[in-house]
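Student: A predicted structure for the sequence below; I have some questions about it.
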Amino acid sequence: MWHTSQNTQDTEGLSASMTFFFACAGALILANIYYAQPILADMAADIGLAPAASGGILTLLQIGYMLGILFMGPLGDALENRRLIAGMVWGAALALWTASASGRANGHALFFAAQLGIGFFSSATQIQLAFAAGLAGDARRGRVLGALMAGLFLGMILSRPLAGLLSGVFGWRAVYRLASLLMLVLGLAQWRLLPGGKPAGKPENYPAMLRSMARLPRTVP
């Protein structure tokens, strides 16, 4: 449970409008790691990447997402979630713009690092889920999480055809630049609209949090 700066948040849980905002935000953030799928060939040809190596882009996105869950997820129990989520969304905006600016001239390393960063910072979706669950009242928690999961599913499904359509008209870089601008605006909206406050209880230090995650497979059935 979170101590928030909004008393109504504690007594009533998430409103329908805030639940919708969380769901839309999750859809937009998760879409970041799926835009690349329909435009792999265009990206590879443009930056001079061998077709056989283009699949590594998708691998880096997923690895980054996994690393984000592993290393940023525990911070959701220690830091103000509004700041953490908005900061990660702005990090995704920077990574997306960096990827769009990469090319033959600056080599492939920057492009690959940007893809890893996109996945890493897009793991904010998982922190949002836990944050929303903590804010929702007991009676509505299942409904709230269902709405957020539906948002994630829509983001995953709709991102691919939209990226393919936009890339076909304006080029693949436009996809990433638009996504970067969306993340910039979304981060500002989250900073303004999400409730403040930190998780209840005294948090462990960061190394202890990571060690506790390593114990989970042995302690949780």
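Tutor: That came through, no problem.

Student: for the chain, what are the low-confidence residue spans?
Tutor: Within the chain, the segments meeting pLDDT under 70 span 1-12, 197-204, 208-209, 212-221.

Student: again, only using 50
Tutor: Within the chain, the set of residues satisfying pLDDT under 50 comprises 1-11.

Student: longest helix in it, please.
Tutor: When the chain is parsed with DSSP state H, its longest helix is helix 141-170.

Student: all helices of this structure, in order?
Tutor: Shown for the chain, the helices assigned by DSSP H span residues 7-12, 16-31, 40-47, 55-72, 81-101, 107-122, 124-135, 141-170, 172-193, 206-219.

Student: what is the third one packed up against?
Tutor: With contacts defined as 3 or more CB pairs under 8 Å, 6 or more residues apart in numbering; DSSP states H and E, the secondary structure elements packing on helix 40-47 are helix 55-72, helix 172-193. Just so you know, the C-beta spots here come from the backbone N, C-alpha and C atoms, and that holds for glycine as well.

Student: do you know how far Thr59 is from Ala150?
Tutor: Thr59 sits at a distance of 27 Å from Ala150 (criterion: CB to CB, to the nearest Å).

Student: what number of residues lie near Trp191?
Tutor: Residues within reach of Trp191, counting by other CB atoms under 10 Å, total 16.

Student: in space, what's closest to it - neighbours in sequence excluded?
Tutor: The spatial neighbour of Trp191 that comes closest, neighbours along the chain excluded (CB to CB, 6 or more residues apart in numbering), is Ala86 at 4.4 Å.

Student: touching, that neighbour and Arg192? I think so.
Tutor: No: when contacts are counted by CB atoms under 8 Å, Ala86 is not listed as touching Arg192 (9.1 Å).

Student: one step back: make JSON lines out of the helices and strands packed on helix 40-47 and add distance to Phe120.
Tutor: Shown next, in JSON lines, are the helices and strands packed on helix 40-47 (distance: least, CB to CB, whole Å):
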{"stretch": "helix 55-72", "distance to Phe120": "4"}
{"stretch": "helix 172-193", "distance to Phe120": "13"}
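
Student: please work out which of the ones you listed is packed deepest.
Tutor: Of the helices and strands packed on helix 40-47, the one with the most neighbours on average (mean count of other CB atoms under 10 Å) is helix 172-193, at a mean of 19.

Student: and that one, how far out from the chain middle?
Tutor: Computed by CA atoms, centre = their mean, to the nearest Å, the chain-centroid distance of helix 172-193 equals 11 Å.

Student: which outside residues touch it?
Tutor: Outside of helix 172-193, the residues within contact range by CB atoms under 8 Å, 6 or more residues apart in numbering are 18, 21, 25, 28-29, 31-32, 35, 39, 42-43, 46, 82-83, 85-87, 89-90, 92-94, 96-97, 99-100, 163, 166-167.
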